[in-house]
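Student: Sequence and predicted structure, then a few things I'm wondering about:
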2 protein chains.
Amino acid sequence: MKRVAIVGCGVVGSSWALVFARAGHEVAVYDASPGSVRQALAFVRESLESLPPDGGGSAEDIDVVCARLKPATSLEEALAGADYIQESAPERLEVKRELYPQLDAIAPPHVILASSTSGLPASSFTDQLRHRERCLVVHPINPPHLIPLVELVPAPWTDAGVVNEAAKLMQSLGQSPIRLNREINGFVVNRLQSALLGEAFRLVEDGLCSAADVDKAVSDGLGLRWFFMGPFETIDLNAQNGVAEYCRNLGPMYYGLAREQADPREWNAALVQDVEQQRRRLTPADGLPARRLWRDRCLSALVAAKRRVLNDRPN
Amino acid sequence: MKRVAIVGCGVVGSSWALVFARAGHEVAVYDASPGSVRQALAFVRESLESLPPDGGGSAEDIDVVCARLKPATSLEEALAGADYIQESAPERLEVKRELYPQLDAIAPPHVILASSTSGLPASSFTDQLRHRERCLVVHPINPPHLIPLVELVPAPWTDAGVVNEAAKLMQSLGQSPIRLNREINGFVVNRLQSALLGEAFRLVEDGLCSAADVDKAVSDGLGLRWFFMGPFETIDLNAQNGVAEYCRNLGPMYYGLAREQADPREWNAALVQDVEQQRRRLTPADGLPARRLWRDRCLSALVAAKRRVLNDRPN
């Protein structure tokens, strides 16, 4: 059992609180706004009540899990005795640059300072710290209690042992950590998403097909294998002798496509309006909240199903 | 019940034979090599025996389904009385250019000639036909008995009614058709895959992370939502008021990434060798056939699980 401090508990921090508490850790929850702390505690309870045990809920007594959450009214109180700090403050550089010197001053030097930032490299807000070697980005895909992937991104001065320790902790929580060797815009996940979205918008803008048909191409096609294998294993199994053969056969075709796609485009107002209108015909604006609940229920049930299928079928 | 002719029954044609037969159609199976026809019939039986009923197998008596397959020893025999022809001959232009005039001459003009080609536009091998308006590409994601997506790609002269009819037929089979408005290299699926693979190889080539971590970023992260929503619905639900708000907030970030990614690269020998070696450490060459069986079992179980989850939770 560790003592974890959640600093900033909006949507991301609340989900982190659930992840740590259901794994048995004691979790101090702090936010500059006390109302956010109350909301975070309520969120954890509601999630545990609504999700199946193997789909992000908990097989334990819900009260036991919730009792691990300790609301804190100051940064000092939140960090007292903490072994690990997961910062999920607002995504603005000036906020982080004001917050980190405080975290660095309060927490003893062995405590890891992990940021949930999706876009700011750790080097941009930890450069001046006395113990900057214990800082890194631990970026979840939202919400982390349903989606296991976490990106570990060190700053140039991050200690390698700190990355190892963060990876071990994430694994022990049931998360799935990947390691970047250095900082890069968008990290890995948003770069991959950018590539796919860029082509998705291009196809719609050029009148090739509807946005709904792009979605189908993924959700009834490519996404079925990506759900449990990822793109490299997918192509590795698609040629008799593996990925090198695949690249020999299809590399020239893909290079041709890549040249046609080397055409970065802004998502202009007319295009965005077109996609927005197409989406609103499928899910009207007032149906979005219900559709998000549907998404989370599906996600939780499907991730649980995946766990069962993969555990049943080792190899 | 329709009469369908499968012309060319390698891996793709065999899977098509299963798709049509389990949906209740009578299926003539023809290949220039008689051995391939025997293998196709065996493949259908083995697949029905090994897959669960809702995972691509059949709840009906397997003998009943198999009895719908009629091996044919000539093109004339295969096409006799056929309402729809699914051509899955080898992926070489000269093969198709020799075959289509024969199909066009034998089949009455109302019969749809659909090609499974993944890369050749229908215009490249139907231009000279007398009844070219009944030709189109009906491109499956392999194997179609496990993956529902089908791309319908008309040539400039394809009759709109033919596309509608093919779409209806595919839907009645339980496949998921999308419609392209015109021909384009790679159609939709391979263009989307190209975009993602391009960035995946770029990240590995630039030393950002391992191939396995790219796979995890998708299979434990992005791919979880893409499995049932696709990329547009994913971002639509990721902003309070929908996709237009998402683009307003994040469009500039994605445009910045798109410019960094507008760098088409050939997958050079050293890079391919690196990825091949990384993959072989995870799945040795002699383990590939077993891993493919694992993939198909997982795919079938997960697609069945998805069907149950989405049917349980309408909205």
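Tutor: That came through fine.
Student: where does residue A:184 fall, helix, sheet strand or coil?
Tutor: coil (DSSP: H, G, I helix; E, B strand; the rest coil).
Student: is it true that it touches residue B:208?
Tutor: Yes - using C-beta atoms under 8 Å, residue A:184 is in contact with residue B:208, at 5.8 Å. In short, each C-beta sits where N, CA and C put it, glycine included.
Student: Quick check: next helix or strand after the helix or strand where residue A:20 lies?
Tutor: Assessed by DSSP states H and E, residue A:20 sits inside helix A:11-22. For helix A:11-22, the following helix or strand on the C-terminal side (DSSP H and E) is strand A:26-30.
Student: Partner strands of that following strand, with direction?
Tutor: strand A:3-7 (parallel), strand A:69-71 (parallel) (DSSP bridges).
Student: quick check: mean pLDDT across the shortest one?
Tutor: Taken as a whole, strand A:69-71 carries a mean pLDDT of 98.
Student: So what's the gap between that strand and the chain middle?
Tutor: On the basis of C-alpha atoms, centre = their mean, to the nearest Å, strand A:69-71 sits 23 Å off its chain's mean C-alpha point.
Student: Which residues does that strand contact?
Tutor: A:17, A:21, A:26, A:27, A:28, A:29, A:30, A:37, A:38, A:40, A:41, A:44 (C-beta atoms under 8 Å, 6 or more residues apart in numbering or on different chains).
Student: who touches the strand or helix carrying residue A:168?
Tutor: In this assignment (DSSP H and E), residue A:168 forms part of helix A:160-172. Helix A:160-172 has contacts (C-beta under 8 Å, 6+ apart) with A:2, A:23, A:84, A:112, A:114, A:133-136, A:138, A:150, A:152, A:154, A:176-177, A:179.
Student: what distance separates that helix from the middle of the whole chain?
Tutor: That offset, for helix A:160-172, works out to 16 Å (C-alpha atoms, centre = their mean).
Student: and what of stretch A:271-278?
Tutor: 26 Å.
Student: Could you do stretch A:240-260 as well?
Tutor: When distances are taken as C-alpha atoms, centre = their mean, stretch A:240-260 is centred 30 Å away from the chain's centroid.
Student: Just grab the bridge partners of the residue of the stretch 1-150 of chain A found nearest chain B for me.
Tutor: Residue nearest to chain B within the stretch 1-150 of chain A: residue A:149 (3.1 Å; C-beta to the nearest C-beta). Residue A:149 has the following beta-bridge partners by DSSP bridges: residue A:176.
Student: can you list the contacts of strand A:69-71 in a markdown table and add neighbour count, pLDDT and distance to residue A:66?
Tutor: A markdown table is the format used below for the contacts of strand A:69-71 (neighbours: other C-beta atoms under 10 Å in any protein chain shown; pLDDT from 0 to 100; distance: C-beta to C-beta, whole Å):
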| residue | neighbour count | pLDDT | distance to residue A:66 |
| --- | --- | --- | --- |
| A:17 | 29 | 98 | 10 |
| A:21 | 26 | 97 | 7 |
| A:26 | 18 | 98 | 12 |
| A:27 | 29 | 98 | 10 |
| A:28 | 25 | 98 | 14 |
| A:29 | 27 | 98 | 11 |
| A:30 | 26 | 98 | 17 |
| A:37 | 25 | 97 | 13 |
| A:38 | 14 | 97 | 13 |
| A:40 | 26 | 97 | 11 |
| A:41 | 18 | 97 | 7 |
| A:44 | 28 | 96 | 6 |
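Student: Tell me who's in contact with residue A:195.
Tutor: For residue A:195, the contacting residues are B:195, B:196, B:198, B:199, B:261, by C-beta under 8 Å, 6+ apart.
Student: Quick one: residues contacting the second one.
Tutor: Under the criterion of C-beta under 8 Å, 6+ apart, the contact partners of residue B:196 comprise A:192, A:195, A:196, A:222, A:231, B:218.
Student: What is the nearest of the residues you listed to residue B:89?
Tutor: Closest approach between the contacts of residue B:196 and residue B:89, by C-beta to C-beta: residue A:222, at 24.6 Å.
Student: burial of the closest one, as a residue count?
Tutor: 27 (other C-beta atoms under 10 Å in any protein chain shown).
Student: quick revisit: show me which residues of the helix holding residue A:168 are buried.
Tutor: A:162, A:163, A:165, A:166, A:167, A:169, A:170 (16 or more other C-beta atoms under 10 Å in any protein chain shown).
Student: same question, stretch A:68-75
Tutor: Buried-residue list, stretch A:68-75, by 16+ other C-beta under 10 Å: A:68, A:69, A:70, A:71, A:72, A:75.
Student: and what of stretch A:224-244?
Tutor: For stretch A:224-244, using 16+ other C-beta under 10 Å, the buried residues are A:224-239, A:242-244.
Student: now do the same end-to-end measure for it.
Tutor: 23 Å (C-alpha to C-alpha, to the nearest Å).
Student: quick check: mean pLDDT across it?
Tutor: 97.
Student: per-residue confidence at the most centrally placed residue in chain A?
Tutor: Closest to where the C-alpha atoms of chain A average out (C-alpha atoms, centre = their mean) is residue A:141, at 1.3 Å. We have a pLDDT of 96 for residue A:141.
Student: Next: residue A:57.
Tutor: On the pLDDT scale, residue A:57 gets 66.
Student: what do you get for residue A:50?
Tutor: So, for residue A:50, pLDDT stands at 87.
Student: Give me the phi and psi for it.
Tutor: Residue A:50 has phi and psi values of phi -90, psi -20 when expressed as degrees, to the nearest 10.
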